[in-house]
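Asker: based on what follows, work out the 3D shape:
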Amino acid sequence: MRVPSLHILRLFSPRHTVQPQKRSLCDTPMRLVQFYRHGDGGKDRVRVGVEQDEGFSVVDLRAFDPSMPSTIKELLELGDKGLECARRALSSGQGVLKRSDVRLVSPILAPEKVVCVGMNYRDHCLEQNAPIPKEPIIFSKFPNAITGPYDDIVLPSESQEVDWEVELAFVIGQRGKHIKEEEALSYVAGFMVANDVSARDWQMKRNGKQWLLGKTFESFCPLGPALVTTDAVRDPHNLGIRCLVNGDEVQSSNTDQMIFKTEVLIAWVSKFVTLTPGDVFLTGTPPGVGVFRKPPVFLKKGDVVECQIDQLGSIINKVI
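Answerer: Presented below is the predicted three-dimensional model:
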């Protein structure tokens, strides 16, 4: 399917700003991507790049410095050293590839954890006449559910009720346990667009109504198009968020509807597990999902799902 250039994606400015945290992993705003160069062959050829010229080109980090890692997860594990090299590569003018010469894949391919949050938008709770949660509702997807920003969503033969859920995602940039809320944003490497694709029959009717199986079929976690570093997102909790199916807007809200903000989620989850670089969080979806429509509407072969978040861009996935 044809994917639009990033310059025509909807990237808007927020209405408000937040105070900067005491420390940021990214001193210079960047859009980090993972990609294959056309003609390079198999998956072992994945590369890390930084977008430039409003997405018209990508700087190949390993062309600038062959010692650099080949994945963003490994880059984050290097800490400030890795990000500083990415900044130098961006300003060097070396290793520049045309956007048409590369295929973007998910910015994170093999995280240790994919942490998901349910019922985290006030307007989504109202949509289903559900009470506002008192504590974050946490579930997971297996990492094999992750797919690229423009890859296909594969309908499994086991489900007849596959649904869309646009979500704000963020990625952990440094290791931490028992993280304090006031320090939590300094542990975030950046933000992405996500689609928490969900098999509602498995989520709501089968397997004891546990959510995991309905959430983790392969291709059920499109991510991207880039990992947008924290300095490029002035207020992650004041971003327009939308989902379109075949060009029709089905979800439209703002991340200011989130019940538990990024820092609360990090502090909460880090009580139970150690967070590590590359861990992915999906922060919940706004109203407009198919299962609560009257009558319910589910994805079918040939549908095209576009998830958009202001300042972050769009991911576009065809259903097959």
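Asker: the closest residue in space to Arg45 that isn't next to it in sequence in helix, strand or coil?
Answerer: Spatially, and ignoring its direct neighbours in sequence, Arg45 is nearest to Tyr36 (5.6 Å; CB to CB, 6 or more residues apart in numbering). (Each C-beta comes from the backbone N, C-alpha and C, glycine too.) Counting by DSSP: H, G, I helix; E, B strand; the rest coil, the backbone at Tyr36 sits in strand.
Asker: bridging residues for Tyr36?
Answerer: Beta-bridge pairing for Tyr36 (DSSP bridges): Arg103.
Asker: quick one: pLDDT of it?
Answerer: pLDDT, Tyr36: 94.
Asker: which residues touch the nearest residue to Val319 once chain neighbours are set aside?
Answerer: Spatial nearest neighbour of Val319, chain neighbours left out: Asp303 (4.2 Å); criterion: CB to CB, 6+ apart. Asp303 sits next to Val245, Asn246, Lys318, Val319 when contact means CB atoms under 8 Å, 6 or more residues apart in numbering.
Asker: now do the SS call for Pro236.
Answerer: Going by three-state DSSP: Pro236 is coil.
Asker: quick check: it touching Thr262?
Answerer: Yes. In this structure Pro236 lies within contact range of Thr262 using CB atoms under 8 Å: 5.9 Å.
Asker: now for those two: what residues contact both?
Answerer: By CB under 8 Å, 6+ apart, the residues touching both Pro236 and Thr262 are Phe170.
Asker: of these two, give the one with the bigger neighbour count.
Answerer: Pro236 (25 against 22; other CB atoms under 10 Å).
Asker: report the contact partners of the more buried one.
Answerer: Leu168, Phe170, Phe191, Thr255, Thr262.
Asker: let's see 7 Å
Answerer: Each residue near Pro236 by CB atoms under 7 Å, 6 or more residues apart in numbering is listed here: Leu168, Phe191, Thr255, Thr262.
Asker: where's Arg62, which helix or strand?
Answerer: helix 61-64 (DSSP states H and E).
Asker: cool, Leu126 as well?
Answerer: With DSSP H and E as criterion, Leu126 is part of helix 122-127.
Asker: CA atoms only: put the helix or strand that that helix is followed by into PDB for me.
Answerer: Next helix or strand after helix 122-127 toward the C-terminus (DSSP H and E): strand 137-140. Only the C-alpha atoms of strand 137-140 are listed here, as PDB (Å, rounded to 0.1, in the frame of the first residue of the first chain):
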ATOM      1  CA  ILE A 137      -5.500  -1.600  35.100                       C
ATOM      2  CA  ILE A 138      -2.400  -3.300  33.800                       C
ATOM      3  CA  PHE A 139      -2.200  -6.100  31.200                       C
ATOM      4  CA  SER A 140       0.300  -7.100  28.500                       C
END
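Asker: residues of strand 137-140 that come out buried?
Answerer: Residues of strand 137-140 classed as buried: Phe139 (neighbour count, 16 or more other CB atoms under 10 Å).
Asker: can you pick out the most distant pair from the contacts of Asp303?
Answerer: The most widely separated members of the contacts of Asp303, counting by CB to CB, are Val245 and Lys318 (11.2 Å).
Asker: if you count what's nearby, which of those two comes out ahead?
Answerer: Counted by other CB under 10 Å, Val245 and Lys318 do not tie: Val245 has more neighbours, with 19 against 14.
Asker: just list whatever residues bridge to that one.
Answerer: Going by DSSP bridges, Val245 forms beta bridges with Asp248, Val305.
Asker: hmm, Trp164 and it touching each other?
Answerer: Yes. Judged on CB atoms under 7 Å, Val245 makes contact with Trp164 at a distance of 6.4 Å.
Asker: what residues are shared contacts of those two?
Answerer: Val305.
Asker: that older thread, can you give the distance of the helix holding Arg62 from its chain's centre?
Answerer: Between the mean C-alpha location of helix 61-64 and the chain-wide mean there is a distance of 24 Å, by CA atoms, centre = their mean, to the nearest Å.
Asker: right, and the helix or strand after that helix?
Answerer: Assigned by DSSP H and E, the successor of helix 61-64 is helix 72-77.
Asker: could I get that following helix in PDB with only the CA atoms?
Answerer: Only the C-alpha atoms of helix 72-77 are listed here, as PDB (Å, rounded to 0.1, in the frame of the first residue of the first chain):
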ATOM      1  CA  ILE A  72      17.100   1.600  19.000                       C
ATOM      2  CA  LYS A  73      16.800  -0.600  22.100                       C
ATOM      3  CA  GLU A  74      20.600  -1.200  22.000                       C
ATOM      4  CA  LEU A  75      21.100   2.500  21.500                       C
ATOM      5  CA  LEU A  76      19.000   3.300  24.600                       C
ATOM      6  CA  GLU A  77      21.000   0.800  26.600                       C
END
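Asker: helix or strand next in line after it, which one?
Answerer: Where DSSP H and E defines the elements, the next helix or strand beyond helix 72-77 is helix 80-92.
Asker: buried stuff in that next one?
Answerer: Gly82, Leu83, Cys85, Ala86, Arg87, Ala89, Leu90.
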